[in-house]
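Asks: Predicted model and sequence below, questions to follow.
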Amino acid sequence: MRRYEILLIAHADLSDDDLNELIERYNNIITNSKGTIIKVDKWGTRKLAYEIKKQSKGTYVLTDFVGKSDIVPELERNFKIDDKILKFLTVLKDDDFDLQELEKEKQADIPPETIIPPLNISVESAKEGSIEGESAEDTKGVKE
């Protein structure tokens, strides 16, 4: 199985219900083809860099999924037919993806901000304002 990302730009004037219906239709194509949807991210409406089909704004939706390679041509065929889709881009993220790796990712889903490397600071040196290996004299010329 392969891991893909599809970024599509839909008309900006679609209501939330229409946009959810559109997303659900394409997610059903993925799941009916024995694919697994990892994440659907709605980025919202943004101004386009240039006009596409006489539209200056578009609603961005990113879909991350795992499936066989025959899913992509079917999705792209449907994107081309649908008038609500302005543009789309399909990216192959991983050639050989295992669903067990996805489970490991979900279990180890720790934000990078929470991982802080340990510091070698003793209580005495912290009170004195110096770090282990430095004396207070070594840090006198350093501005804080």
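Replies: In hand now; what should we look at?
Asks: Checking F97 next. Helix, strand or coil?
Replies: coil (DSSP: H, G, I helix; E, B strand; the rest coil).
Asks: Tell me, how many residues neighbour it?
Replies: 18 (other Cβ atoms under 10 Å). Any C-beta I mention is one placed from the backbone N, CA and C, and that applies to glycine too.
Asks: Please verify my assumption that it contacts R2.
Replies: Yes: using Cβ atoms under 8 Å, F97 is in contact with R2, at 6.0 Å.
Asks: intersection of neighbour lists for the two?
Replies: V66 (Cβ atoms under 8 Å, 6 or more residues apart in numbering).
Asks: Next up, the contacts around the closest residue to D41 other than its chain neighbours.
Replies: Distances taken as Cβ to Cβ, 6 or more residues apart in numbering place L62 nearest to D41, at 4.3 Å, with adjacent residues excluded. Contact analysis of L62 by Cβ under 8 Å, 6+ apart lists 5-7, 39-41, 43.
Asks: Who does L62 form a beta bridge with?
Replies: Per DSSP bridges, the residues bridged to L62 are L7, D41.
Asks: Return the entry from the contacts of L62 with the maximum number of neighbours.
Replies: I6 (21 neighbours).
Asks: List the residues that contact it.
Replies: I6 neighbours (Cβ under 8 Å, 6+ apart): 26, 62-63, 65, 75, 88-91.
Asks: Point out where the protein drops to low pLDDT.
Replies: 106, 108-144 (pLDDT under 70).
Asks: May I ask you to name the longest helix in it?
Replies: For the chain, the helix with the greatest residue count under DSSP state H is helix 16-32.
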